[in-house]
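Undergrad: sequence below, structure please.
(one chain, ligands or ions: 1)
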Amino acid sequence: MQEVLNYIAGEFQPAEDGTTLYDINPALETQIATIPRSKSSDVEKAVVAAHSAQKAWSSLTLEMRAGWLDRIADALEVKAEHIAQTETLDTGKPLSLSRRVDAARSVSNFRFFADFARQQTPESFEMDDAMNYVHRTPVGTVGLITPWNLPLYLLSWKVAPALLMGNTIVAKPSEITPLTANILAQTLDELDLPAGVFNLVHGLGPEVGQAILEHPGIQGISFTGGTATGRIVARTAAPMFKKLSLELGGKNATIILEDADVELAVQGAVKAAFTNSGQVCLCGSRIMIHEAIAEAFIPAFVQRVSELKVGDPMLESTDMGTVISYEHLQKVESYIELALEEGGKILTGGTQAMTGHPHPEARGAYLRPTVVTGVSSASRCATEEIFGPMVTLHTFTDEQQALDMVNASEYGLAGSVWTKDLERGRAFASQIESGIVWVNTWLHRDLRTPFGGMKLSGVGREGGRWSMDFFSELTNICVKHPDQ
Ligand code: TXE
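TA: Down below sits the predicted model:
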């Protein structure tokens, strides 16, 4: 079994009190690693290390730090297959997905921010009698807290801009998926990143996560996770006036207008619903279909979903692996039961599935992709974030009704609209209360664009210049021209 350690002040080390937690593989339900169960004393050490590295790191030029990001990207790229295999072991997601999305994006996050930094021009504002210069300094030591659904992908999405802007880091990955964060720490260690610039502290949210939130020496918090935890993060960090970025949950809608290309919409809706077993905050878990196209769309959608191969995540042929844990599987199943109580009918799925698994005796957190119809768009299973392979279908007769259903959600992260009329798609998209709307596509990402949500889906935006803004403080320097 692998023994994962904290990475503090350039040293791999156990928790100060020596306690550990088990990391579980959700496909076999076996223990694959131990991680430190860190406490506030470990966070304290990490903050001291980060502070001692801060001055030297922030005094490098942006160009030099961009060079570091390039070297990190190159080193991670060499390990891409190792990262993908490890992510699959830890999460139960198909290896093909780990390769295509998790490993690839972890590399490109570093590369993107390096290139993006080089494209920036100094920001200045000329007045008749003076010139304003925008001067950026780092926030300081930042706390990065990340979830289990896209472990290294989301951690690197924060680490890259935080390093670029001259911050030092205390990071905490999810205790459920700690392994690829450890690969990142090993990689930075091999590259001789100055000690203390990046510190990784493993453990439980209410223990080590909370200690990061509460530490007065940490000036900014970037958090991705559930909305309930986000509330705790805000409650703790906001009164200390820490800079805060909250990327939280979603209950995203996929809207099929009556003039949609049925084949394209079916493909897109299946992908939006079941990628990573529905465990992407952007997943479309409420599908709204115009009545005029429902007869063509619904049977084709259900057919396609029932053909998805659920099984061993290591097999090339697998479309969907496990959900993240057996506990999470039970949560999703409880929503399937709730759907039936709420008057719903299951069109496909609804049961555990072990197809193609090499160890049929293992329990494994497998669940068939599940499609529910007949529940109200205001029902609990159509309004609460389930974060698993289950979607509800709803029909509408006109655009206003669709918009009302979509915007009734307490969440506002993402959505997709499917129509052959692009102008209509844009107009419809602009009326959806959410941070990201795709027209005729889903999870099509340009990393320069703002990413984040409104309402219960979070506060703030990341991506491109929004990440650069979050991870820096701005000083406007106004210089008066002489004799004017
Ligand atoms: O996430 P948590 P959980 C949603 C999804 C899921 C639900 C709960 O609906 O079912 O959230 O998942 C750390 N102080 N999303 O419980 O707890 C925790 O250790 C500081 C959506 O696994 O929010 C982990 O590192 N940190 C989401 C991180 O917060 C704390 C992705 C996220 O875990 C803490 C994941 C505390 N008091 C779940 N408590 C998305 N937006 O993509 C926990 N943590």
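
Undergrad: gap between residue 181 and residue 398?
TA: 48 Å (C-beta to C-beta, to the nearest Å). Backbone N, C-alpha and C define where each C-beta goes, glycine included.

Undergrad: between those two, tell me which one has more neighbours.
TA: Counting neighbours by other C-beta atoms under 10 Å for residue 181 and for residue 398 shows that residue 181 has the greater number, 26 against 11.

Undergrad: report the contact partners of the more buried one.
TA: 146, 151, 152, 155, 171, 173, 200, 202 (C-beta atoms under 8 Å, 6 or more residues apart in numbering).

Undergrad: these: which ones sit near the ligand?
TA: residue 146 (C-beta under 6 Å from any ligand atom).

Undergrad: export the contacts of residue 181 as CSV, with columns for pLDDT.
TA: Formatted as CSV, the contacts of residue 181 follow (pLDDT from 0 to 100):
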residue, pLDDT
146, 98
151, 98
152, 98
155, 98
171, 99
173, 98
200, 99
202, 98
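
Undergrad: most widely separated two among the contacts of residue 181?
TA: With C-beta to C-beta as the measure, no two of the contacts of residue 181 lie farther apart than 152 and 202, at 14.2 Å.

Undergrad: in ChimeraX, how would I select the buried members of the contacts of residue 181?
TA: In ChimeraX syntax, the buried subset of the contacts of residue 181 is picked out as below (16 or more other C-beta atoms under 10 Å):
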select :146,151,152,155,171,173,200,202
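
Undergrad: tell me which of the contacts of residue 181 fall in strands.
TA: Members of these lying in strands (criterion: DSSP state E): 171, 200.

Undergrad: can you list which of the contacts of residue 181 are found in helices?
TA: Members of the contacts of residue 181 lying in helices (criterion: DSSP state H): 151, 152, 155.

Undergrad: you'd agree the last one is up against residue 184?
TA: It stands for residue 155. Yes. At 6.7 Å, residue 155 counts as touching residue 184 under the criterion of C-beta atoms under 8 Å.

Undergrad: identify the contacts common to these two.
TA: residue 106.

Undergrad: tell me who's in contact with whichever residue of the stretch 351-484 of the chain sits closest to the ligand.
TA: As assessed by C-beta to the nearest ligand atom, the ligand sits closest to residue 387 within the stretch 351-484 of the chain, at 3.6 Å. Neighbour list for residue 387: 149, 249, 278, 279, 283, 328, 332 [criterion: C-beta under 8 Å, 6+ apart].

Undergrad: can you tell me which of those residues are up against the ligand?
TA: 149, 249.

Undergrad: picking up where we left off before, for the residue of the stretch 351-484 of the chain closest to the ligand, phi and psi?
TA: phi 60, psi 50 (degrees, to the nearest 10).

Undergrad: same check, this time on residue 32
TA: Taking degrees, to the nearest 10 as the convention, residue 32 sits at phi -110, psi -20.

Undergrad: and it, how many neighbours?
TA: 16.

Undergrad: just give the nearest non-adjacent residue to residue 424, would you?
TA: residue 257 (7.0 Å; C-beta to C-beta, 6 or more residues apart in numbering).

Undergrad: might you calculate how far the helix ranked longest in the chain sits from the centre of the chain?
TA: Ranked by number of residues, the top helix in the chain under DSSP H is helix 40-58. Chain-centre distance of helix 40-58: 26 Å, with C-alpha atoms, centre = their mean, to the nearest Å.

Undergrad: pLDDT averaged over it - what is it?
TA: Mean pLDDT, computed over helix 40-58, is 98.

Undergrad: export only the CA atoms of it, formatted as PDB.
TA: C-alpha atoms of helix 40-58 as PDB (Å, rounded to 0.1, in the frame of the first residue of the first chain):
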ATOM      1  CA  SER A  40      -3.800  22.700  12.500                       C
ATOM      2  CA  SER A  41      -0.200  22.200  13.700                       C
ATOM      3  CA  ASP A  42       0.700  20.900  10.200                       C
ATOM      4  CA  VAL A  43      -1.100  23.800   8.600                       C
ATOM      5  CA  GLU A  44       0.900  26.100  10.900                       C
ATOM      6  CA  LYS A  45       4.200  24.600   9.600                       C
ATOM      7  CA  ALA A  46       3.000  24.900   6.000                       C
ATOM      8  CA  VAL A  47       2.200  28.600   6.500                       C
ATOM      9  CA  VAL A  48       5.500  29.300   8.100                       C
ATOM     10  CA  ALA A  49       7.300  27.600   5.200                       C
ATOM     11  CA  ALA A  50       5.100  29.500   2.700                       C
ATOM     12  CA  HIS A  51       5.900  32.900   4.400                       C
ATOM     13  CA  SER A  52       9.600  32.200   4.400                       C
ATOM     14  CA  ALA A  53       9.500  31.500   0.600                       C
ATOM     15  CA  GLN A  54       7.200  34.400  -0.200                       C
ATOM     16  CA  LYS A  55       9.600  37.300  -0.700                       C
ATOM     17  CA  ALA A  56      12.000  35.400  -3.000                       C
ATOM     18  CA  TRP A  57       9.200  33.900  -5.100                       C
ATOM     19  CA  SER A  58       7.400  37.200  -5.600                       C
END
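
Undergrad: for that helix, packing partners?
TA: Counting contacts by 3 or more C-beta pairs under 8 Å, 6 or more residues apart in numbering; DSSP states H and E, helix 40-58 is packed against strand 6-8, strand 130-138, strand 141-145, strand 168-172, strand 198-200, helix 210-214.

Undergrad: secondary structure element for residue 114?
TA: helix 104-118 (DSSP states H and E).

Undergrad: so the spatially most central residue of the chain versus residue 462, what's the distance?
TA: Among the residues of the chain, the one closest to the centroid is residue 154, at 4.9 Å (C-alpha atoms, centre = their mean). From residue 154 across to residue 462, the span is 10 Å (C-beta to C-beta).
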